[in-house]
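>>> this one's structure only:
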């Protein structure tokens with residue numbers, strides 16, 4: 001049967017359906033095997049590595065982690081564990097409905113895609129204490145509301161670290177603010193809005209000013225960022241589904257699959273089918 005969707009990893013039976021907290025040693029072998037293959041999660045995922053090393057691939061980028069460190073992975077991101085060597089780590093998976101609205105907005109609009117963070121020792125201690133308390137609440141079968149509160153306390157600490165890191169990287173606040181707004185629009189509309197003028201109109205600014213802001217914030221033009229987001233989704237579908245190039249083009253809003261192929265090749269230097277043949281698992 002033709003695969004038309006990127007695999008979504010649903011965790012083994014017995015876990016809380018909306019919130020799960022697991023220590024490295026607790027995760028069943030069947031789940032560990034699954035995460036070695038490219039997938040999405042059906043939850044927002046937080047990985048706190050206290051000791052050891054891990055290498056993962058997130059949207060085709062290799063990411064190395066050495067404890068203590070942490071990373072957040074959004075449900076839309078395709079990823080897999082490449083190597084993992086640690087018995088001292090925590091994993092939090094939580095559905096959108098259980099995340100405080102302010103934290104959820106920040107995760108999706110301010111820090112995506114999220115880099116690996118290397119918090120200072122004092123923050124690592126707070127993160128470990130908070131996630132371990134959440135873990136204990138689940139083990140003791142405490143009320144879901146209490147578990148949710150502890151999970152959100154952990155997420156709040158993580159979110160604050162990402163916001164602080166983002167502020168350090170984007171000291172030019174005027175440009176960063178426009179880029180943030182553009183990025184939210186892009187994530188929600190990349191299959192519909194295709195030109196800098198489209199996004200400038202949505203933001204009530206001129207195309208030239210949008211170009212100035214994005215060039216200063218990222219070093220790239222609006223058109224480059226738009227095409228890169230389209231190509232990222234195309235890579236996901238070429239790599240993880242059996243949809244034809246024409247079907248992928250239609251799914252991404254292209255009526256002319258030949259034009260889609262030209263855009264893809266411009267960004268990657270490869271035709272879609274060549275990319276699929278070289279990179280398929």
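Structure's in. What do you need? Bear in mind the structure is a predicted one, so any value in this text is a computation, not a measurement.

>>> Please identify the helix or strand for residue 223.
Per DSSP states H and E: residue 223 is located in helix 222-240.

>>> which secondary structure elements does that helix contact?
helix 173-189, helix 196-203, helix 207-218, helix 245-251, helix 257-268, helix 272-279 (3 or more C-beta pairs under 8 Å, 6 or more residues apart in numbering; DSSP states H and E). C-beta: built from backbone N, CA, C; applies to glycine.

>>> To residue 80, which of the ones you listed lies closest?
helix 272-279 (12.9 Å; C-beta to C-beta).

>>> buried set for the closest one?
Within helix 272-279, the residues scored as buried using 16 or more other C-beta atoms under 10 Å are 272, 275, 276.

>>> sorry, back to before: residue 81 is nearest to which of the helices and strands packed on helix 222-240?
Among the helices and strands packed on helix 222-240, the nearest to residue 81 by C-beta to C-beta is helix 272-279 (17.9 Å).

>>> Can you verify my assumption that residue 49 contacts residue 64?
No - Residue 49 is not in contact with residue 64 according to C-beta atoms under 8 Å; the separation is 10.7 Å.

>>> which one of these two has more residues nearby?
residue 49 (22 against 12; other C-beta atoms under 10 Å).

>>> before we move on, the earlier item: residue 54 is nearest to which of the helices and strands packed on helix 222-240?
That would be, of the helices and strands packed on helix 222-240 and by C-beta to C-beta, helix 272-279, which comes in at 22.1 Å.

>>> Now do the closest one: which elements does it pack against?
Counting by 3+ C-beta pairs under 8 Å, 6+ apart, helix 272-279 packs on helix 222-240, helix 245-251, helix 257-268.

>>> and for the second one, what are the contacting residues?
Contacts of helix 245-251 from elsewhere in the structure, counted by C-beta atoms under 8 Å, 6 or more residues apart in numbering, are 191, 234, 237-238, 241, 243, 255-257, 260-261, 272-273.

>>> and it, how far out from the chain's middle?
How far helix 245-251 lies from its chain's middle: 23 Å, per C-alpha atoms, centre = their mean, to the nearest Å.

>>> Next, format the helices and strands packed on helix 272-279 as CSV and append distance to residue 103.
Below are the helices and strands packed on helix 272-279 laid out as CSV (distance: least, C-beta to C-beta, whole Å):
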stretch, distance to residue 103
helix 222-240, 24
helix 245-251, 31
helix 257-268, 33
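
>>> could you redo those helices as a markdown table and give each row mean neighbour count and mean pLDDT?
Output for the helices and strands packed on helix 272-279, formatted as a markdown table (neighbours: other C-beta atoms under 10 Å; pLDDT from 0 to 100):
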| stretch | mean neighbour count | mean pLDDT |
| --- | --- | --- |
| helix 222-240 | 19 | 93 |
| helix 245-251 | 18 | 94 |
| helix 257-268 | 16 | 93 |
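
>>> Test my guess that residue 236 contacts residue 76.
No - Residue 236 lies out of contact with residue 76 (C-beta under 8 Å); the separation is 9.1 Å.

>>> Low-confidence stretches in the stretch 151-281 of the chain?
Within the stretch 151-281 of the chain, the stretches with pLDDT under 70 are 168-172, 280-281.

>>> Torsion angles phi and psi at residue 44?
Main-chain torsions, residue 44, degrees, to the nearest 10: phi -70, psi 130.
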